[in-house]
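>>> here are the coordinates; sequence isn't available:
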Ligand code: ADP
């Protein structure tokens, strides 16, 4: 099963993706995790990514497409994937459509995790205190939210137009949200 998870920063995409992949036996592919690993490893990509991420802006689309193209073709992604953090704008959505067409691996579903903006800001403030992620500072979070509203929200409509979108209410416990997602997958017969 091939799944795209969509949602604002702090909506719980990463947490839900990690649980889902355990249930489904497919890899969790998170562009944020891949980029933070590149920063840690001090690669050329990491050097480029660091300051852009710390500002809360998006990396160039061509760099992201290379990264995702390579990752989706790794053997562990053969049975499917849960994609988290890509696509983040309409151009990336079109690139992903093209890539998956070429690979003859169409998406099964795009799931948007829907969380109220105030809740999201509270969650990120808590994560900043607990994990110390360098892009969780107040100013960067403001930029990330703005980038989401302006560039990523249209991706939700893109999948709605393709008939692939399901929205799930993202508040309540981690377990509550997971059960809502599992119910959706069951109803769509992709679990
Ligand atoms: P969140 O979903 O909480 O905003 P992520 O871990 O998914 O955090 O992403 C962190 C940062 O990595 C983004 O703010 C951006 O700078 C960069 N990034 C991740 N995915 C992409 C992407 N698809 N295109 C461009 N930049 C990206």
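Perfect, thanks for sending it. Remember, it's a predicted structure, so these values are computed and weren't measured experimentally.
>>> C-alpha from now on. contacts and neighbour counts both.
Will do.
>>> the ligand contacts on the protein?
Taking Cα under 6 Å from any ligand atom as the criterion, the chain approaches the ligand at residues 9-10, 31-33, 52-53, 56-59, 64, 85-88, 144.
>>> buried ones among those residues?
Buried residues within those, counting neighbours by 16 or more other Cα atoms under 10 Å: 9-10, 31, 53, 56-58, 64, 85-88, 144.
>>> show me what the strand or helix carrying residue 16 packs onto, helices and strands only.
In this assignment (DSSP states H and E), residue 16 forms part of helix 13-24. Judged by 3 or more Cα pairs under 8 Å, 6 or more residues apart in numbering; DSSP states H and E, helix 13-24 is in contact with strand 2-6, strand 28-30, strand 81-84, helix 174-187.
>>> if you set the cut-off to 6 Å instead, what comes out?
Contact partners of helix 13-24 among helices and strands, from 3 or more Cα pairs under 6 Å, 6 or more residues apart in numbering; DSSP states H and E: none.
>>> distance between it and the chain's centre?
11 Å (Cα atoms, centre = their mean, to the nearest Å).
>>> what residues sit buried inside that helix?
By neighbour count with 16+ other Cα under 10 Å, helix 13-24 contains the buried residues 13-14, 16-18, 20-21.
>>> contacts for the helix or strand of the chain with the lowest mean pLDDT?
Ranking every helix and strand in the chain by mean pLDDT, DSSP states H and E puts helix 117-131 at the bottom, with a mean of 85. With Cα atoms under 6 Å, 6 or more residues apart in numbering as the test, helix 117-131 has contacts from 10, 136.
>>> which residues of the protein score low on pLDDT?
190-191 (pLDDT under 70).
>>> so what touches stretch 101-113?
Contact with stretch 101-113 is made by 2-7, 100, 164-168, 170, as judged by Cα under 6 Å, 6+ apart.
>>> now, of those residues, which are buried?
Buried members of the contacts of stretch 101-113, counted by 16+ other Cα under 10 Å: 2-7, 164-168, 170.
>>> nearest to the ligand, of these?
residue 7 (7.4 Å; Cα to the nearest ligand atom).
>>> residues touching the closest one, list them.
Shown in contact with residue 7 (Cα under 6 Å, 6+ apart): 112-113.
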